[in-house]
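[1] Here is a sequence together with a model predicted from it:
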Amino acid sequence: MLSFEGAKRSLESAGQAHVLQFWPELGEGERRAFLQELSQLDLKGLRDHCEGAARAAAFPPCSLDEHVEPVPAESIGSARTGDEDSLAAWGNEGLLQISENRVGVLLLAGGQGTRLGVQYPKGMYDVGLPSGKTLYQMQAERIHKIQQLADRKFESACTVPWYIMTSEFTLAPTEKFFKENNYFGLQPSDIVMFEQRMIPAVTFDGKVILQGKGKIAMAPDGNGGLYQALVDNKVLEDMKKRGVEYLHVYCVDNILVKMADPVFIGFCVSKGADCGAKVVAKVHPAEPVGVVCRVQGVSQVVEYSEIQPETAALRGPGGELVYSAGNICNHFFTRSFLQDVAEVYKGQLKQHVAFKKVPFVDTCGNPVKPSKPNGIKMEKFVFDVFPFSRNFVAFEVVREDEFSPLKNADGAAVDSPTTARNSLLAQHCRWATAAKATLLDERGNRLPPSDSVSAGDNPPAQCEISPLVSYFGAGAAAQREDADNSSHPR
Ligand SMILES: CC(=O)N[C@H]1[C@@H](OP(=O)(O)O)O[C@H](CO)[C@@H](O)[C@@H]1O
């Protein structure tokens, strides 16, 4: 651990001496905890970090809008319009890779769930399904199922390791939750949890913000902190040891996420891609999803917070949105690409600037809750490695089958626990109907057959199918044998 003198010297040379201004008032325990926190900071990089933040506040980066172009439709693969044979071939390829232990999944779960308004990790959220399952449980069960499907098809005994990136906020509760739930039946050794770094929030003039007299205001370094965390926690070595060559990276909040989706994996592998992203057609210009597009010919994502509304609203001759390839935060990476990122490109990742209200202590040590933004949080984004890829592919999927994120608390019109629950139940009603099941209402009366249940609709029945029973549901080209089992609601 750092000594007080060491910390003082480093902070002074970073222009941050004020961080220790309340030191004389701290008790023994508080001093120890503070030094512990300071020891974990990248003190050498602190000056650059603070100066960078101040610069970004003074000269916000120019918008990329002038340079963006849509990705030509013909270069986007599609699960929506793709022919049955291609879908089946991709699904097969993906399952083969899974059966050979070459596929892992990586969950981005370091966020604080601020918009959802919960104090615990989002993955522990129960959206109110009949089963009461949480997002973590559904994801675990989908891993279980996909392993089983690959094993059945290729007579293997495979493992899809689950890497989970947490943060200081989410690691301990996530670990506890998994333990209490007996790792949802998965092998604990196949679940690798690790923590992303935290970085200090900074004032507009480049000073680290004190949240308490002996506490710096820290925030996770964005989901693009993944690449540093992979290095810090030797995750790439773990992948190599297990023979994992392909990684499916996804955000925690999408209730419909297809873990290690064989069709997506197979598509990316067949195209020789080193990097890929799933997209859905945006529903309206202001939908808060990033768009996959090209900037000076290079594919990348422009985040919803960084695109001009006029650009987002542009429409083509047929009235369709020009920038409609909405990023659903489901990415494919080869291990060798991640290795290149770790060794060569990690330091070149763009810093995104967010102006936030950061609670702080004033010069007299009184806690203040600001009413307008007073601080800068610098974040990296997971998709900012796309421009370093040699062969990037985008893959369009069907929204109601694959994307219904949980972002907001109930009461919000979209992306809430209710909309997430309805999307899942509506999907399961579609699966059951396609498998010729009869749906009953609460009083046991037969419901008229309907196959037109889409994501926004209220589900006609409370029909929930366990991922342990079906991964794809009826009609999935890649897994007919699975579809045959899907009409047993749980
Ligand atoms: C940095 C990042 O990954 N942003 C993603 C991510 O944004 P959120 O701010 O977490 O909602 O999820 C969105 C999909 O739910 C995606 O469209 C967006 O591009």
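    Received the coordinates, thanks.
[2] how about the residue in the stretch 1-150 of the chain positioned nearest to the ligand, secondary structure?
    As assessed by CB to the nearest ligand atom, the ligand sits closest to G111 within the stretch 1-150 of the chain, at 6.7 Å. Using the backbone N, CA and C atoms, a C-beta is placed for each residue, glycine as well. Here G111 is recorded as coil under DSSP: H, G, I helix; E, B strand; the rest coil.
[3] Find the residue ranges of this structure scoring beneath the pLDDT cut-off.
    450-457, 474-490 (pLDDT under 70).
[4] okay, now whichever residue of the chain sits closest to the ligand: neighbour count?
    Nearest residue of the chain to the ligand (CB to the nearest ligand atom) works out as G290 at 2.8 Å. Using other CB atoms under 10 Å, G290 has 23 other residues around it.
[5] so it makes contact with Y304?
    Yes - between G290 and Y304 there is a contact at 5.7 Å, judged by CB atoms under 8 Å.
[6] returning to that earlier point: just want the phi and psi numbers for the residue of the chain closest to the ligand.
    Dihedral pair for G290: phi -70, psi 160, per degrees, to the nearest 10.
[7] same thing with P285?
    Torsion angles, degrees, to the nearest 10, at P285: phi -60, psi -40.
[8] could you list every residue that touches it?
    Applying CB atoms under 8 Å, 6 or more residues apart in numbering, we find P285 in contact with P309, A312, A313, L321.
[9] What are the neighbouring residues in contact with the residue of the chain closest to the ligand?
    Taking CB under 8 Å, 6+ apart, we find G290 in contact with V301, V302, E303, Y304, G326, N327, F383.
[10] What residues does the residue of the stretch 1-150 of the chain closest to the ligand make contact with?
    So G111 contacts K122, S167, T170, P220, N223, V252 (CB under 8 Å, 6+ apart).
[11] same thing with S324?
    Taking CB under 8 Å, 6+ apart as the test, what S324 contacts is P70, A281, K282, V291.
[12] Among those residues, which lie within strands?
    Mapping the contacts of S324 onto strands (DSSP state E) picks out P70, A281, V291.
[13] Which one (most neighbours) among those residues?
    V291 (25 neighbours).
[14] Show me the beta-bridge partners of that residue.
    V302, G326 (DSSP bridges).
[15] Intersect the contacts of G290 with the contacts of the ligand.
    V301, E303, N327, F383 (CB under 6 Å from any ligand atom).
[16] Redo the residues you listed as TSV? Include distance to V244 and neighbour count.
    Shown next, in TSV, are those (distance: CB to CB, whole Å; neighbours: other CB atoms under 10 Å):
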residue	distance to V244	neighbour count
V301	24	26
E303	28	18
N327	24	26
F383	21	22
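[17] Just read off the phi/psi values of G297.
    phi 80, psi -10.
[18] Sorry, slip of the keys, the one I care about is R430.
    Dihedral angles of R430 (phi, psi; degrees, to the nearest 10) stand at phi -60, psi -40.
[19] Quick check, it in contact with I465.
    No - using CB under 8 Å, R430 is not in contact with I465, being 10.4 Å away.
[20] Write out the residues of this protein neighbouring the ligand.
    Near the ligand, when you scan the chain using CB under 6 Å from any ligand atom, you find 223, 251, 289-290, 301, 303, 327-329, 381-383, 405, 407.
[21] Just name the closest of the residues you listed to Q139, please.
    Closest to Q139 out of these is C251 (11.1 Å), distances taken as CB to CB.
[22] Tell me what the residue most central in space within the chain is bridged to.
    Taking CA atoms, centre = their mean, the centroid of the chain lies closest to C251, which sits 1.9 Å from it. Applying DSSP bridges to C251 gives these bridge partners: L108.
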